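**Student:** Quick one: sequence plus predicted model below, questions after.
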Amino acid sequence: MTATICGTGSYIPSYTMDNHDIARLVETSDEWIRERTGVIRRHIVRDETTVSMAAEAARRALADAGAALEEIDLILVSTISSNVVLPCAACEVQKELGAVNATCFDLSAACTGFVLAYNTALAYLASGVCRTALIIGSESLSNLTNWKDRGTCILFGDGAGAAVLRADAAEEDRLRKHYLPVTHSDGGKGAALTCKSRHDFSGLNGGGKEISPEDILDDAHYMQMDGQAVFKFAVKRVPEVIGEVLELNQVKTDEISYYILHQANKRIVEAVAKRLGEPMEKFPMNLQEYGNTSSASIPILLDEMNRDGRLKPGQKLVMAGFGAGLTWGAAIIEWR
Ligand code: UT7
């Protein structure tokens, strides 16, 4: 049994902050941010939440797929920035949509999250447990951003992207190849990118100390990153895992139309292209407009490419994610 992406959607908050706005908060400049990251502006939530953006992206994906709500039997939300702890964001999305037949759960794997949500949905569909899945990456990273830290606040943005996957019918199955994904994790290197839970009071009252609001929202409760370590990890591991997924599935680079990479930094995308010996035209980017939206970046880009006609039936695409954990992975998609 194989499955196909048959619809995409995204939601981007309308409020923007450009690099000049950031330069009013921390010591940086538009020139530095553009040169070192490629980011020009990012969209930031105002009235939106991670759940409301996820639900809107999902509605758009369902409309694109022509899928009925009753058809959806699995909803996965990949997020590290949900506005709800309980119930999970996927159940909240189910409630907003009224997709009553779905099994819903969240997945937390940061910037590799959408690739892992895709793989998880594929496994459910391939095993026959489900027939139609809604997978969503949604992030309000601005809530986890330390706006006093120039090492991180220049990079991140908010948004959501979604895709509908349907199990192929038996006759399509015979024609379509089943591509296996490749994913990796290295928890031992997790210190490179961390963010303490707002609900983690460990260490605060251990010594009989009173808990104060200042302690609870100290810097560790925002994203903290060793930028260079993450950069080096990405430029080594992403080409490697793309090579692995191509070899595993016996696909050659010249068969790939596009590499849809997590949108973290323009220089990372360029380095991956160079290491693979592939032209930059195969590496679409939208990070200049949205910054790094973690698990939302791949589905937002996929949706833009779907809607502007860049994606054509039969094309093979590679999706590759990487980030906190550390986690990284790649999957091959054949466009519908
Ligand atoms: O989603 C996955 C997770 N994240 C990533 O993939 C991010 C990966 N890392 C990066 O994108 C880059 O490491 C950053 C954009 C975060 C930083 O760029 P960099 O080229 O690695 O800069 P750096 O940390 O090596 O700093 C170079 C210089 C330093 O000054 P000195 O010591 O050379 O005088 C920094 O103090 O640039 C300085 N600097 C800045 N200057 C202006 C660092 N941040 C800034 C800033 N504005 N925002």
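**Tutor:** Cool, got the structure.

**Student:** anything in the host helix or strand of Ile298 near the ligand?
**Tutor:** In this assignment (DSSP states H and E), Ile298 forms part of helix 297-307. No: using Cβ under 6 Å from any ligand atom, helix 297-307 never reaches the ligand; the gap is at least 8.0 Å. For the C-beta atoms, the positions are set from N, CA and C on the backbone; glycine is no exception.

**Student:** What is that helix packed up against?
**Tutor:** Contacts defined by 3 or more Cβ pairs under 8 Å, 6 or more residues apart in numbering; DSSP states H and E place helix 297-307 against strand 3-11, helix 50-65, helix 113-126, strand 132-140, strand 158-167, strand 256-261, helix 287-290, strand 316-323.

**Student:** Could you report the distance from the residue nearest the centre of the chain to the ligand?
**Tutor:** Nearest to the geometric centre of the chain sits Ser295, at 1.7 Å (Cα atoms, centre = their mean). Computed as Cβ to the nearest ligand atom, to the nearest Å, the Ser295 to the ligand distance reads 10 Å.

**Student:** Could you shift the numbering so residue one becomes 217, and keep it that way?
**Tutor:** Got it, the first residue is 217 from now on, which makes the last one we talked about Ser511.

**Student:** Checking that residue next. Helix, strand or coil?
**Tutor:** Following DSSP: H, G, I helix; E, B strand; the rest coil, Ser511 is assigned to helix.

**Student:** Would you check that it makes contact with Phe330?
**Tutor:** Yes: between Ser511 and Phe330 a contact is recorded at 4.8 Å, counting by Cβ atoms under 8 Å.

**Student:** who touches both of those two?
**Tutor:** Shared contacts of Ser511 and Phe330 (Cβ atoms under 8 Å, 6 or more residues apart in numbering): 294, 353, 537.

**Student:** what sits against the nearest residue to the second one once chain neighbours are set aside?
**Tutor:** Read that as Gly353. Distances taken as Cβ to Cβ, 6 or more residues apart in numbering place Ser511 nearest to Gly353, at 3.6 Å, with adjacent residues excluded. Listed by Cβ under 8 Å, 6+ apart, the contact set of Ser511 reads 294-296, 325-330, 333, 353-355, 537.

**Student:** Right, I'll call it a day here.
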